[in-house]
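Participant: would you be able to build a 3D model of this:
(chains A and B)
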Amino acid sequence: MIRTRFAPSPTGYLHVGGARTALFNWLYARHHGGVFVLRIEDTDAERSTDESTQIILDSMKWLGLDWDEGPFYQSQRTDLYKKTAERMLEENKAYYCFCTPETLTEKREKAQAEKKAFRYDGTCADIPLEEARKRIAAGEKAVVRFRKLEGETIVDDQVLGPVKFDSSVLDDFIILRSDGSPIYNFCVVCDDMDMKITHVIRGEDHLSNTPKQVMLYKALGYPMPHFAHISMILGPDKKKLSKRHGAVSVLSFKDEGYLPESFRNYLALLGWAFDDKTEFFSKDDLIEKFSLEHVSKNPAVFDYKKCSWMNGQYISKTEPEKLLECITPLLEADRINISAKPLSWWMETLNVEKQRAFYLNDLVKSFHYYLDDSIAIEPQAKEKHLTAKKSLELLRKFLVLLEKVEPYTQENLENAFKELMEVESIKFGEIVHPVRVALSGKTVGPGIFELFLCMGKDMSIKRIKDALGQ
RNA sequence: GGCCCUAUCGUCUAACGGUUAGGACGCUAGAUUCUCAAUCUAGUAAUACGGGUUCGAUUCCCGUUGGGGCUACCA
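Facilitator: Numbering: from 1, shown residues only, chains lettered A, B, ... in the order given. I've put the predicted structure just below:
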């Protein structure tokens, strides 16, 4: 049975990189009919917050990444870590260290000044356990250090292949703080073992930690999980993607009007590809086709343009019923009254407007010009099409014809335009632009007849009158 | 500084020793007797560099350079 896990630390929102890690773990588990575990790594009491945990949970739900077990909280599992550490102490695989943070910092700075790598010098490595216990009983503070293994450690990575680390680059690292709380590298091993994780899929920033963990597995006599490290996600400047680059939290994409399925699709394409042409994948496609073999090794730059293009593609392919459901809260937030129009009108208008929307918010904006009492005309649009005397004159004449259109159909609207074009001997383009700007306040939008039909006769007349200042 | 990962169009990527190096985003141009940021069509653009191995290297090996990561009583 394949078991994967996503183990974020709740020190902020869930960002793009974390989301992709979660996605790959989830996909791998689902593809193999395995189990996906969620574990919150909150052993850093200083930085972990409940709000962050909630945001992470919300983000995952939005992306549709459902977990089978958890969320487990490391802060509630200290017994496991303490017992394991105690066992290691007894077996002489770990030892108490009384060096103070101050002396350690001093030594580290000195090493840095000499441009040497700092490694713990083993000052306390030979203190007998009994003596150490007496000193602790007497009130001294001590951390627990792991006695590192000698020789070469090989991480057989599922994405990168075998990666060698020499023992000399590591030192006797701390597994328990002086207050008895456990350190990340130690918890991970205890938990992954306890939760029977078979595949550890995580960001490449954890690759350097892996030899430490491999040593712990060996020392503890635990079976080794498979490791798979996926490359970092970069910003346009090729630096690790961060706040500096703009929106990076998953929820901000939600707020910007992304559909979770499109965002998930784009995320999957960052570091993974199925073949040389397919790029649209439904949830089921992703589950069926995902494999670690097709994960690429090199870092990927997050392309906001392609991401929004993909969102636009999804929006235009989405059924209007579904779209209305998605934007209902947004409409309400914008005080647009949904019951002001029949459902059929919403469906028709959504089908028209979805064609060129990139974000759900674009859709919401478009409903303002259909439904608001009055609209603001974009300055540039007004300048270009509603300022020249001739434009206004034509618009005035068109209004007269429009009022007589009955019944209000595309054919009759076309005839109204034709009549004006003949009488004034003008081209379609000369009248269509002023009309469009009058109706919507914008220079771009749906076809003019679609716009008229969705807007309705009364509102169309009102918009033109408003534009003429009547 | 030390250690580790990595290198195909500007970007995401396909090719797993033999292809006119493919697709997508972007960009440019044309089309749409109505707009465009939509749509359609066309075009632009890449194997970082230097050595090997091989009949043959994008592909395998080594080095250089570039990019990234780690180097805490953070995760």
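Participant: for the stretch 201-350 of chain A, which residues are neighbours of RNA strand B?
Facilitator: Taking C-beta under 7 Å from any atom of the strand, the part of the stretch 201-350 of chain A that reaches RNA strand B is made up of A:204-209, A:231-232, A:234, A:238-240, A:269-271, A:273, A:275-277, A:279, A:294, A:296-301, A:303, A:305-306, A:309, A:312-313, A:316. C-beta: built from backbone N, CA, C; applies to glycine.
Participant: in helices, which of those fall?
Facilitator: Among those, the members found in helices (DSSP state H) are A:305, A:306, A:309, A:312, A:313, A:316.
Participant: so who does the closest residue to the third one other than its chain neighbours touch?
Facilitator: The shortest distance from residue A:309 to any residue that is not its chain neighbour, by C-beta to C-beta, 6 or more residues apart in numbering, is 7.4 Å, and that residue is residue A:358. Listed by C-beta atoms under 8 Å, 6 or more residues apart in numbering, the contact partners of residue A:358 are A:257, A:308, A:309, A:311, A:312, A:315.
Participant: report how many residues lie close to residue A:2.
Facilitator: Counted by other C-beta atoms under 10 Å, the residues lying close to residue A:2 total 16.
Participant: same check on residue A:61?
Facilitator: 12.
Participant: now it, what's its secondary structure?
Facilitator: Residue A:61 falls in the helix class when you classify it by DSSP: H, G, I helix; E, B strand; the rest coil.
Participant: quick one: it from residue A:54, how far?
Facilitator: Taking C-beta to C-beta, to the nearest Å as the measure, residue A:61 falls 11 Å from residue A:54.
Participant: now for these two: what residues contact both?
Facilitator: Shared contacts of residue A:61 and residue A:54 (C-beta under 8 Å, 6+ apart): none.
Participant: circling back to that earlier point, ranking by neighbours, what's the top pick from the ones in helices among the residues of the stretch 201-350 of chain A next to RNA strand B?
Facilitator: Ranked by the number of neighbours (other C-beta under 10 Å), these place residue A:312 first, at 19 neighbours.
Participant: the closest residue to that one other than its chain neighbours and residue A:262: what is the separation?
Facilitator: With C-beta to C-beta, 6+ apart as the criterion, residue A:312 has its nearest non-adjacent residue at 4.2 Å, and that residue is residue A:358. In this view, residue A:358 and residue A:262 are 10 Å apart by C-beta to C-beta.
Participant: overlap in contacts, those two.
Facilitator: Contact criterion C-beta under 8 Å, 6+ apart; residues bridging residue A:358 and residue A:262 by contacting each: A:311, A:315.
Participant: quick one: the strands in the stretch 1-150 of chain A?
Facilitator: Shown for the stretch 1-150 of chain A, the strands assigned by DSSP state E, counting those that start in this stretch span residues A:3-6, A:35-40, A:69-73, A:94-97, A:143-146.
Participant: which bits of the stretch 1-150 of chain A sit near RNA strand B?
Facilitator: On the criterion C-beta under 7 Å from any atom of the strand, RNA strand B has as its neighbours in the stretch 1-150 of chain A the residues A:7-9, A:41, A:43-44, A:47, A:99-101, A:104, A:108, A:115-118, A:141, A:143.
Participant: would you mark the buried spots in stretch A:334-353?
Facilitator: Neighbour counts over stretch A:334-353 (16 or more other C-beta atoms under 10 Å) mark A:336, A:341, A:346, A:348, A:349, A:350, A:351, A:352, A:353 as buried.
Participant: an error on my part: the question was meant for stretch A:380-391.
Facilitator: For stretch A:380-391, a neighbour-count test (16+ other C-beta under 10 Å) marks A:381, A:382, A:385, A:386, A:391 as buried.
Participant: let's have the strands of the stretch 1-150 of chain A in TSV, adding mean neighbour count and mean pLDDT.
Facilitator: TSV is the format used below for the strands of the stretch 1-150 of chain A (neighbours: other C-beta atoms under 10 Å; pLDDT from 0 to 100):
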stretch	mean neighbour count	mean pLDDT
strand A:3-6	26	98
strand A:35-40	22	97
strand A:69-73	16	94
strand A:94-97	23	96
strand A:143-146	23	96
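Participant: ranges for the helices of the stretch 301-450 of chain A?
Facilitator: Under the criterion DSSP state H, counting those that start in this stretch, helices of the stretch 301-450 of chain A are mapped to A:304-317, A:320-333, A:343-353, A:360-371, A:379-385, A:389-403, A:410-424, A:428-440, A:448-455.
Participant: same thing with the stretch 1-150 of chain A?
Facilitator: Along the stretch 1-150 of chain A, counting by DSSP H, counting those that start in this stretch, helices occupy A:16-31, A:50-63, A:78-90, A:101-113, A:129-137.
Participant: burial-wise, tell me which of those helices comes out on top.
Facilitator: Mean neighbour counts were compared across the helices of the stretch 1-150 of chain A using mean count of other C-beta atoms under 10 Å; the top stretch is helix A:16-31, at a mean of 24.
Participant: so which elements touch that helix?
Facilitator: Of the remaining helices and strands, those touching helix A:16-31 by 3 or more C-beta pairs under 8 Å, 6 or more residues apart in numbering; DSSP states H and E are strand A:3-6, strand A:35-40, helix A:50-63, strand A:199-203, strand A:226-230, strand A:233-234, helix A:260-268, helix A:283-289.
Participant: so what touches the longest one?
Facilitator: It refers to helix A:50-63. Helix A:50-63 has contacts (C-beta under 8 Å, 6+ apart) with A:6, A:8, A:10-14, A:18-19, A:22-23, A:38, A:40, A:42, A:66-67, A:71, A:249-251, A:254, A:260, A:263-264.
Participant: burial of residue A:157, as a residue count?
Facilitator: Residue A:157 - counted by other C-beta under 10 Å - has 19 other residues nearby.
Participant: what's the answer for the one 5 residues further on, then?
Facilitator: Other residues within reach of residue A:162 by the criterion other C-beta under 10 Å amount to 8.
Participant: go on, residue A:127?
Facilitator: Here the number of neighbours of residue A:127 (other C-beta under 10 Å) works out to 15.
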